[in-house]
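*Asks:* Compute the structure for the input listed below.
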Amino acid sequence: MPWMPVSPLWRNLRRICNQHIFANKKLNSTQCLRRKAVQELVAHVEKCAQTDDAVDISAAAFQTSLSFLSTTIFSLDLADLSSVSVKESKEIVGHILYEAGKPNVTNFFPVPKKIDPQGSRHRMEVYHGQMFDLFDKVIQKRLQLRATPSSPRMNDVLDTLFDKRDDNNDIRDIWLMKHLFVACLCTL
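*Replies:* Next up is the predicted model:
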């Protein structure tokens, strides 16, 4: 969201973030998740200290942030490398962040922007498409889970957005949810 131009989409995403992700009540309810993520980070640093291994600060901070955000949004730890989809999502986020941070000729010379001489726009479209596919899987699983009458509530951002969509038709589109999730995960 920080890189988006001000538009109705940006305003809608900002309002959702302020009301459902960064509100004091929501932040207070997820304090245990933040504490757990920090404890895992400290345990990782202690383990590295015991084995005399160097600590990759950027990787550890990324993993901690990704773990907290994905647990808050989906009740699913995308930083836990035990499954293939988790490894895939971490790679995709890494690619998106790499492409976003890479210098692009068209940022300095806008004339060749339409031809995308470095292929950055094309690669970003591919990575965003992969993230959207991953989010589609998570959203469809949650919708199937919510369809069963005895399913437990996760009390995460995804459940809140579904409730908001069901109650007020405020968020009518899954597309908006996916863009919000990409914006949240790519601000790491």
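
*Asks:* Determine the number of other residues adjacent to R15.
*Replies:* The local packing of R15 (other Cβ atoms under 10 Å) involves 11 other residues. To be clear about C-beta, it is placed using only N, CA and C from the backbone, and glycine gets the same treatment.

*Asks:* Assign it to helix, strand or coil.
*Replies:* Following DSSP: H, G, I helix; E, B strand; the rest coil, we place R15 in the helix state.

*Asks:* Contacts only, for it.
*Replies:* By Cβ atoms under 8 Å, 6 or more residues apart in numbering, the contact set of R15 is empty.

*Asks:* what does the one 5 residues further on give?
*Replies:* Each residue near H20 by Cβ under 8 Å, 6+ apart is listed here: K26, V157, T160, L161, K164.

*Asks:* List phi and psi for A23.
*Replies:* The phi/psi pair for A23 (degrees, to the nearest 10) reads phi -70, psi 150.

*Asks:* what's the burial count for it?
*Replies:* The tally of other residues near A23 (other Cβ under 10 Å) stands at 12.

*Asks:* do the one 4 residues further on as well
*Replies:* Other residues within reach of L27, judged by other Cβ under 10 Å, total 12.

*Asks:* what do you get for the one 3 residues further on?
*Replies:* Other residues within reach of T30, judged by other Cβ under 10 Å, total 17.

*Asks:* What residues of stretch 5-12 count as buried?
*Replies:* By neighbour count with 16 or more other Cβ atoms under 10 Å, stretch 5-12 contains no buried residues.

*Asks:* about what we covered before: please tabulate the contacts of H20 in TSV, including the columns secondary structure.
*Replies:* Compiled in TSV, those are given as follows (three-state DSSP):
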residue	secondary structure
K26	helix
V157	helix
T160	helix
L161	helix
K164	helix
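
*Asks:* Show me which of those residues are buried.
*Replies:* Among the contacts of H20, those classed as buried by neighbour count (16+ other Cβ under 10 Å) are K26, V157, T160, L161.

*Asks:* follow-up on the earlier one: just the contacts of H20 now: which is nearest E88?
*Replies:* Checking the contacts of H20 against E88 by Cβ to Cβ gives V157 as the nearest, at 21.1 Å.

*Asks:* My read is that the closest one contacts I21, right?
*Replies:* Yes: V157 is within contact range of I21, at 5.8 Å (criterion: Cβ atoms under 8 Å).

*Asks:* what is in contact with those two at once?
*Replies:* T72, I73.

*Asks:* about what we covered before: wait, which of the buried ones among the contacts of H20 is closest to A60?
*Replies:* Nearest to A60 out of the buried ones among the contacts of H20 is V157 (Cβ to Cβ; 24.1 Å).

*Asks:* Please name the residues that touch the closest one.
*Replies:* H20, I21, K26, T72, I73, F74.
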